[in-house]
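A.B. asks: This is a predicted model, with the sequence first.
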Amino acid sequence: MISISQPKPPKSDSSDDDSRNTKQAPKPEPFKWNITHGAETWTHDAAEIASLSDPPIIEGLLREREVGSVVGAAKTSKTWFTLALALAVASGEDFLEMRTNRRKVLYLDYELKPGTFRKRMSLLAPERPEGFFYQTLRGERRLPSVDEIAALVESEGFGLVVIDSLYRTGWLSEENNNDSTPRDLAPLQDFTKRCAASLLCVDHTAKGGGQDKSAVDAARGASAKGGFWDCLLVLRPTDKGPDPEGNYAILDPVLRDWPRFEQLPLVSFTWTANGCTVETAGEVDRGESDATATRILEVIGAADNGISCKAIIAASKIGEGTVRRHLEALVKRGKVVSFPDPNHSQRVLYRLADMADEPHETAPNHAA
């Protein structure tokens, strides 16, 4: 018996077009495993263990090739603090009683006008800062990419790069997205691998002030951001300090490769007509970083244009009577300024005080 096969129908022109236009996605390269046997690299030699960490830039605080962040609410003097840190590293001088190892420093400021930045640098540096270089990027139509900064760092030999502030760079595609944030920040780790330098980014406190958050969760935006940093320096405004009229903040650090701070440094900011001093004014217990006045100050500092008493109570989760008593005392001591709400004739708003509120005509405004 002979079977006769039916002829296959011809392919349509459209299917030919589809086959020609369909491109197969390239297969990803196989992951290259590089497994290490722990028994071969284990050591109990103290000197060898110490040598495994990168060299320190600031003893106890920051190492070479680390990615760090300075976090604080508005008017907690983040820029003054970070600029003082950078100038100390550039000169090799101690910072907050911690020894620094001198590095060539690049400070990229995205917020201040050139004259304002120069003024702050001049007030903070006691003499010519020979190892300190900067550029103000406010108003630039195109901002540098991480790769462009890395190329500059490699060619000029910078050991510490400061980015002030992170949210101005455009590097975060969506600040509150836990999926995109790690991808957006990954180039910063690539930067430290490529360059023998550390990167320190200034950031803002989370909405509500971060008062009910640990230091690692204090930065605004996605929670994944907090765990990304090797060195996280949180500045918490406080009413503590030897001088009732002084300006203080508690430094609450979270460090990946240094011992935990058992006592937190109390940082003092002192301004005069021709100088600014950032120094330690003592230490406070860890519990003080969550004290009532500190929590209220953080909530006020996190508000963009002032905040009402009712909103402070809701954000801080502190009782109304306690909030009102502290607000009255903070206003009387000049830590907080009260002013009429422009949108509500019978409501008062509160904001943190700054140097513009004090009777020093020649003193700078330290709003950042």
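C.D. replies: Arrived safely.

A.B. asks: Over to residue 271: give its phi and psi.
C.D. replies: The phi and psi torsions at residue 271 (degrees, to the nearest 10) take the values phi -110, psi 140.

A.B. asks: List the beta-bridge partners for it.
C.D. replies: Under DSSP bridges, the beta-bridge partners of residue 271 are residue 276.

A.B. asks: Contacts made by the host helix or strand of residue 350 with the rest, please.
C.D. replies: Remark: residue 350 resides in strand 348-352, with elements defined by DSSP states H and E. Taking CB atoms under 8 Å, 6 or more residues apart in numbering as the criterion, the residues outside strand 348-352 that touch it are 73-76, 237, 297, 300-301, 303, 305-309, 312, 327, 331, 335-341. From N, CA and C alone the C-beta is placed, and that goes for glycine too.

A.B. asks: Name only those of these that count as buried.
C.D. replies: Of the members of those, the ones counted as buried by neighbours, 16 or more other CB atoms under 10 Å, are 73-76, 237, 297, 300-301, 303, 306-307, 309, 312, 327, 335-337.

A.B. asks: In helices, which of those fall?
C.D. replies: Among the buried ones among the contacts of strand 348-352, the members found in helices (DSSP state H) are 297, 300-301, 309, 312, 327.

A.B. asks: Tell me where the model's unsure across the stretch 151-300 of the chain.
C.D. replies: 206-224, 289-290 (pLDDT under 70).

A.B. asks: nearest to residue 40, of the ones in helices among the buried ones among the contacts of strand 348-352?
C.D. replies: The shortest separation between residue 40 and any of those is 51.0 Å, and it belongs to residue 301 (by CB to CB).

A.B. asks: related to what we said a few turns ago, strands - which of the contacts of strand 348-352 land there?
C.D. replies: Among the contacts of strand 348-352, the subset assigned to strands under DSSP state E consists of 237, 307-308, 336-340.

A.B. asks: Adding distance to residue 283 as columns, could you present those in CSV?
C.D. replies: Rendered in CSV, the data for those read as follows (distance: CB to CB, whole Å):
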residue, distance to residue 283
237, 17
307, 30
308, 34
336, 25
337, 29
338, 31
339, 34
340, 39
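
A.B. asks: Residue 57: which of these is nearest?
C.D. replies: Ranked by distance to residue 57 (CB to CB), these are led by residue 237 at 26.3 Å.

A.B. asks: Identify the residues contacting the closest residue to that closest one other than its chain neighbours.
C.D. replies: If the residues on either side of it in the chain are set aside, residue 237 comes closest to residue 297, at 3.9 Å by CB to CB, 6 or more residues apart in numbering. By CB under 8 Å, 6+ apart, the residues touching residue 297 are 73, 209, 236-239, 330, 335-336, 352.

A.B. asks: repeat that with 7 Å
C.D. replies: By CB atoms under 7 Å, 6 or more residues apart in numbering, the contact set of residue 297 is 237-239, 335, 352.
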